[in-house]
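S.K.: Okay, sequence plus prediction incoming.
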Amino acid sequence: MVDTLSLICVLPFACGVAALLCRRAGDLRWMLGIGSGTGVLLAAVACVGLPGAVGLGGLLRLDALARVLLAVVVVVGALSTAESFSHWRDELARGGATAALVGHGLPHVRAYFFWQQAFLGSLLLAALSGNLGLSWVAIELTTITSAVLVGFSGGARAVEAAWKYVVLCSVGLALALLTVILLYALSGGGGLHSLEWNSLRVAAATFPTGPAKLAYLFALVGFGTKSGLAPLHAWLPDAHSEAPAPVSALLSGVLLAIVLCTLVRVAGVTAVATGPAFPYHLLLGAGLVSVAVATPFLVLQDDLKRLLAYSSIEQIGLMAIGFGLHAPLAVAGAVLQLVVHALTKSGLFFAAGRLVHEMGGGQRLARLRGLGRRAPLLGAALLFGVFTLGGVPPFGMFFSEVAIVQGAIGASAGAGLLLLLMLSVIFAGLTFYVGRAVFGARRQGPHVHATATGLAILGLPAALSVVVGLWTPGVVAHAVSAAAALVVGGHAL
Amino acid sequence: MAMWGAAVGQALAVLLVAPLVHGLIQRTKAALQGRHGPGLLQPYFTLIKLWRRQDIRPTPASWIFVAAPRLALGIVVAATLSVPLLWNPAPLGWDGDFVVVVGLLALERYVLSLAGLDTGTPFGGLGSSRESIVGALVEPALFALALPWMVLAGSTAWPALVAASASATPASVVRFFGLGAGLIVSLAETGRLPVDNPDTHLELTMIHEAMLLEYSGPQLALISLAQMTKQLLVLALVADLLVPWGVGGLALPPGVQPVAVLAKWAALAAGLGVAESLSAKLRFFRLPGYLGAAAALSSAAAVLQVWGVR
Amino acid sequence: MTVPETGLLGGLADLLVVLSLGLLVVRPALWSIGLLAAQAAVLAVIAVVAAPGAGGWVAAGVILLTKVVGIPLVLQWVARRTGSENAVDWSAPWAWLVGAGIVLVVRLALPTFTAGLNPQHAVLLGTAVLVLLLGLAGMVSGKLLLAQAVHLVVIENGLYCAGLALTGGLPAALDLGAAVDLLLVIFVLAWLSHHVHRLQLPLHVDELRRLRG
Amino acid sequence: MIWLLLSGLGAYGLAALCGACLRNGRLATLAALAGGAAFAALAVLALLGARLDVRLPLGPPPFALRLWTPPLSALFVLLISGVGILASVYGGAYVAHFAEQKRRAVLTLTPLFLLSMTLVTLAADLAAFLIAWEAMSLTSYALVMTDGERPEVVRAGYVYLVMTHVGAVCLLAAFLLLTGATGSMDFTIWAGAASALAPGLRSAIFVLVLLGFGSKAALVPLHVWLPRAHPVAPSHVSGLMSGVMLKVAVYGLILVGFTVLGPGPLWWGLLVLALGVLSSVLGVLYALAEHDLKRLLAYHSVENVGIIAMGLGVALIGQRAHLPLLAVVALTAALYHTVNHALFKTALFLDAGSVQYAGVGRNLDRMGGLLARMPWTGVSLLVAAASISGLPPFNGFVSEWLTYQSLVRLGARGGPLLALCAFAGVLALALTGGLAAACFVKVSGVGLLGRPRTEHATRAREVPPAMYVPALVLAGLCLGLGLLPGVLAAPFAALASGVLHAGSVLPQTATGAVLVTLPWGGARIGPGAFAAFALAVAATAALASAAGRRVRPAAEVRAPWACGGEIGLLSQYSATAYAKPFRQVFGLIYRPVRSVQVESAVHPFFRTRVEYQGEITPVFDRYVYGPVLTGVLALARYGRQLQSGSLRLYLGYILVTLVLLLTFVR
């Protein structure tokens, strides 16, 4: 039972429990540091040395797609854990709204880290799951753990967000459960292992078309809700904007992508039964709708974190389009987009979180001005992130967006051009707000000096996103194309 | 070398004849206005008088103010060298075409306008501003004047233009329109009545004179000479484009040809004087319409030319 | 054991649908909790009828334990805690129309999706989808926070129906996972509604509209 | 070759690094010079026949960054590097009066800006081109934002960023359409395959390309960013943006319009010609109404790009109408004007920067008398102003002459319809030339001549040599290329016929190194005309100064006549007053708005204060971009109602989606 993959998944849960037992903040830091470090190390070993590894009695499987997801989760997770410390330091030091509500002190921080680590663990489970059933359970688990985190500050807005989050995602996942049930039934029962992706793909050849389609529709709506595809996305901006910034990073960068990948795997299974047009065209349409729906909110927005959240909807839409196009290049683009987006968006959320603390202006965009002079690091991080999200070279998302849009234009010139139009409007919206915040007249206030950890936490994802997106070393390129081949071709690695 | 000799000869001849043409125009106007008027040679006397006067410069002026008259005269003389005055091709006709001549005219205007602003007085600026806008509007009109022949010749070179005009039907709609436009353009280019009044120093109506108000003595002499030469040049330009006979096309005996051409010029100069006498000063802001009419007329000529109307 | 005849199951399935429709239009909160327990009871019967052998009885037991007893109790506690025990959910007057529409749509649309299944499965799958959608419609039309929790359980009931009918019992891990998940969700909701109460936020969903745009 | 490329890259990189890290900017400037020199050498080698073709290993597998040096690219690399060297020299001294943080930013970004422009012209495939293109846009955006605290700069920068991004997106779309149709991202393969595409697709690509490059080159409806962004950048950067960056767009248009897409339908050329006419006339008109020197220069960029576009349009028409000679001459004109504009516009911006550096500011109405106080700057400004006005014997005239020639040829050979278009072009070009001359009389006359209008102008002193020498060099080049037109015309004609695949017409097009002769009707210009001109001027000058001295009293300097009174500093003609007749005459276009407020004591005749405010209606902002923006915002406001905060609504979305899917998806 004790294999690397399950170890990777169990480690955060163990860390979470250990966090509850920690007596001092210092202990917490050491313990989580060691835990995260071990996790990253294990993941690196697994990614490099154990392609195709199986764990937890076959429930976990490190195929090419899972490998990419694992790398992303571990990196963003470690960053999020690191950022959580400075988040809580600032939160408690400045006595913000949260501190007033939950009271000062360690217990809350311990509870936070318990839930944060549990969330991370469930994300890892979902990422590594080689089994539809386990995926569903893991994703449901992420809802519960992250819902607590969303509402963690206990403020009215946070509770409202958490409520909506739980209700909408539970409903969504309930719908997705029907997919699990249907596919299980169609594959003829026979225990949990018949829900493994590989066995499902094999079995799908004999599925009757109608029920397979029904199963996919429910998966689309169910997992689509959780992964923030419009118009099922409504929980997303609320949850992202109210959660503590390190959690928002995990939610936006990782959770959405993992669920989307699960949906793509279901689509792969369905494609065997119904032919590729049915599932992938629907996915493509959902992606287009998502980009379109996100656009107005990115053009008119008054809240920094909501801006980032809507950008996540747009990005997930783009990835859905990439996967939905089902051509090798576009799918590779989507996978690359996924990676770079996770890195970039987490950096952006970290920066946004720090802004809320350090500039004292809240998340209101209208009140942010002159960051470039007052807090150059944050300003640079914001600008960098926004340009990356806009797909502007020489930042990270250029190649992935080009690959996706290339696919879209190849499929339908009109739709592709429309997509490009929406992307430019979105870019105009994002840069308007961020440009005004970074430049613009300097408001009164102290100069915020960059600390080494701040530089590391904000700089690392940025650097990684450029390395991955623009330079794309051979290892990364290979991993991405392998994942794309898995999605397109369906053979496990 | 002979070519350069011819060029120098022509330049000197032009400088010599230009005041006479000016005198002729003044004389015509006087006759039409029922005045006795100055003699034909009065411009020479005026120039000599100015030449002997003291040279006075305004305080703010820089070297531009001093250089401008010399430049202006040089530019105009250089321009005359490539326009067929008596012979086709002109002495330096091979190196300059219609566009170059228009460019040189613009350069002269540019230099004088700068000099007007260099004096630091309100009048200089006023004159420069008005001169510039007249220039900007005249330039397209000039081009429009040449368009039919450019299209016919497929070239902007003077010999080709003259030949094209000479070979076209003598009395055609195109030429008729062109003559109308040419009259307007030459009145404007020479600073004459509906556009500007060369005989007045009434502050609010003048253009060219306002620009040059601070010039006196030898500097003014140079500018006046340049102005007269330019007048001649514009006449030659319009003549070459619209009534090229004598210079090109019609074969005349060598002895008769220069005389005939001179007579043609005299007629044109007199015509200019008549036209000026017949018109009243236009309000300054009506000018665009006036010059626009020239451009429209000659554009219409060009369009007719393209459509094969002769 | 032989496959039970469709007749009995069909009747039970219709009962489920009727109860769902009832839940959609019933207004007092406590009544709906009661109806929910009743629906769960029907589900238990279906479990026994549809799933052959011990598996069915186990499933029925689990259902009885969690859905007929556990969840209604929790919900009642929440209702008491939040003071909405006697609240009347003035759910949207068009709820029954929506319900009828959904029934119509599903009846019309589902045959294409159930083609290839045996008739019994087809019927039960249809019922499951119908219950599920009606639960969703209930969530849409209900204004009380509590009502939403109730209808969430209705949706789960629909899923149970499908699970029992189609697979004759899901893999234990999944089954357990689903049940635990449901419990956890309900607890989280309870915890949140506690917060809502503590913060003196309105208990009507429509009033929770601070986050918009 | 490859070493030159690498050393150029390295040197620019080093320059950026030094600019960012070192207090003293000298090393950064030196490194930037080295970078410019390396690329210039690369370009010269390439023009002499050496070829470079490398792939940089960037991006995931199907992408690669290919760089090459065909002659067209080499020409632009040479232009960028040459002007870049001068601008770097200038910039090193110019940034001295900036605050520390800004100085570092400018010194870091300028080499990167130069590098990215160089790489655009070297790029040989989609990824390389777009990456360099966007890098160019972003570095210039960052440079524009140097004074980012000022709200109007933020707005200007935003407009620039959005316009340039939209342009880049259009390019991306066009390139992706090409990629989709040809199955490759390589320019070479595009060039081979594009002529076989469906006509509709090719036209769509052409329009997108025109939008993309047109927005960067600031062709008229797309020019709105330029007069906003150029004035606020540091002056040498404005010079680079206006003089060089716009040319990169011209390069792109030539590359894609001619080499890749090849001869298209007639309307392509007509469209470009029409845009050129519109841009040139409107650009110069708006320039006339400006009295902020840098904004004025920015509008002149619009005008000059219009003239270039006229050449390009005629070339496209010629290519289509099987008039290779015409096409070659027109493209030569466009290339020549491209180089000319780079020279004189950069010189003008450098001079404007020097004036700013001297503490006079940018407002023409606050200048005056600067020629006496800043003689070198003044001379270079005078020369550059005459060049940009298209006056002989400066270089601007030569390229306008070539443009006239191509238009006349089009009128003579193209048939009635094309002849009409050519006429419109000729008249527009003539009007543009006249108005440009008027405008630069204003700039030189009001700015340099007369008396200083303000204290600042009185106190102005000449800038350090590092600043005026580059401007003088550029001005010298303007004069030199005007006097010896054949030096560039001949190689440009060769280049143009190479681009147009019209090799056989080459020998007749241009002969000799100094004389430009066209193979039709004997039209030519050359040093003869200019020599005559110079001789005549010299003779007159000699005559005037020598002959007069004996007959008259010595010259004297007196106060000018002012109706008997004293002339105050402000009673000179101002730039606003100078432009007044133009505002009135072209009122239809300007739609001027003016307000005069008169305050009077006792009686209306005794005025104590008169305040005049005049401005012109920003037609494109108000009638084109305003409605678009309003529309987008209204749509967005409408769309935002999706997220109304109601959980039930959100659940309803799920329900409706599910029901719709069940109903309609089979």
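M.R.: Perfect, I can see it now.
S.K.: low pLDDT regions in the stretch 351-493 of chain A?
M.R.: In the predicted model, the stretch 351-493 of chain A carries pLDDT under 70 at residues A:360-362, A:442-445, A:490-493.
S.K.: Residue D:165: what secondary structure?
M.R.: Counting by DSSP: H, G, I helix; E, B strand; the rest coil, the backbone at residue D:165 sits in helix.
S.K.: which residues does it contact?
M.R.: A:390, A:392, A:424, A:427, A:428, A:431, D:137 (CB atoms under 8 Å, 6 or more residues apart in numbering or on different chains). From N, CA and C alone the C-beta is placed, and that goes for glycine too.
S.K.: and which of the residues you listed is nearest to residue B:4?
M.R.: residue D:137 (54.4 Å; CB to CB).
S.K.: Measure how buried residue D:112 is and give me the count.
M.R.: A count of nearby residues for residue D:112, using other CB atoms under 10 Å in any protein chain shown, gives 22.
S.K.: I'd like the distance between it and chain C.
M.R.: Using CB to the nearest CB, to the nearest Å, one obtains 38 Å as the distance from residue D:112 to chain C.
S.K.: pretty sure that residue contacts residue D:12?
M.R.: Yes. Between residue D:112 and residue D:12 there is a contact under CB atoms under 8 Å: 6.8 Å.
S.K.: C-terminal to the worst-scoring helix or strand of chain A on mean pLDDT, what's the next element?
M.R.: The weakest-scoring helix or strand in chain A, judged by mean pLDDT, DSSP states H and E, is helix A:97-102 (a mean of 48). Using DSSP states H and E, the helix or strand that directly follows helix A:97-102 along the chain is helix A:106-128.
S.K.: near chain C, anything from that next one?
M.R.: No. Using CB under 8 Å from any CB of the partner chain, helix A:106-128 stays clear of chain C, with a minimum separation of 11.1 Å.
S.K.: Mind listing what's buried along that helix?
M.R.: Using 16 or more other CB atoms under 10 Å in any protein chain shown as the test for burial, helix A:106-128 gives A:108-128.
S.K.: now stretch B:241-260
M.R.: B:241, B:242, B:243, B:244, B:245, B:246, B:247, B:248, B:249, B:257, B:260.
S.K.: Any idea how far apart the tips of that stretch sit?
M.R.: From its first residue to its last, stretch B:241-260 covers 17 Å (CA to CA, to the nearest Å).
S.K.: Can I get stretch A:222-234 in CSV, CA atoms only?
M.R.: The C-alpha coordinates for stretch A:222-234 follow below in CSV (Å, rounded to 0.1, in the frame of the first residue of the first chain):
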residue,chain,number,x,y,z
GLY,A,222,-21.3,18.8,-13.2
PHE,A,223,-17.6,19.1,-13.6
GLY,A,224,-18.2,22.2,-15.7
THR,A,225,-19.7,23.8,-12.7
LYS,A,226,-16.8,23.0,-10.5
SER,A,227,-14.2,24.0,-13.1
GLY,A,228,-15.9,27.3,-13.7
LEU,A,229,-17.2,27.0,-17.2
ALA,A,230,-19.8,29.6,-18.0
PRO,A,231,-22.7,29.9,-17.4
LEU,A,232,-22.1,27.5,-14.5
HIS,A,233,-19.3,29.6,-13.1
ALA,A,234,-21.3,31.8,-10.8
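S.K.: starting at the chain centroid, how far to it?
M.R.: 13 Å (CA atoms, centre = their mean, to the nearest Å).
S.K.: Wondering if it reaches chain C at all.
M.R.: No. Figure legend: stretch A:222-234 not in contact with chain C (CB under 8 Å from any CB); closest approach 9.8 Å.
S.K.: can you pull the contacts of the residue in the stretch 351-500 of chain D positioned nearest to chain C?
M.R.: Proximity of the stretch 351-500 of chain D to chain C (CB to the nearest CB) peaks at residue D:362, 41.5 Å away. Neighbouring residues of residue D:362 by CB under 8 Å, 6+ apart: D:231, D:292, D:293, D:294, D:295, D:352, D:355, D:356.
S.K.: Just the ones in helices from those, please.
M.R.: Counting by DSSP state H, the part of these found in helices is D:231, D:293, D:294, D:295, D:352, D:355, D:356.
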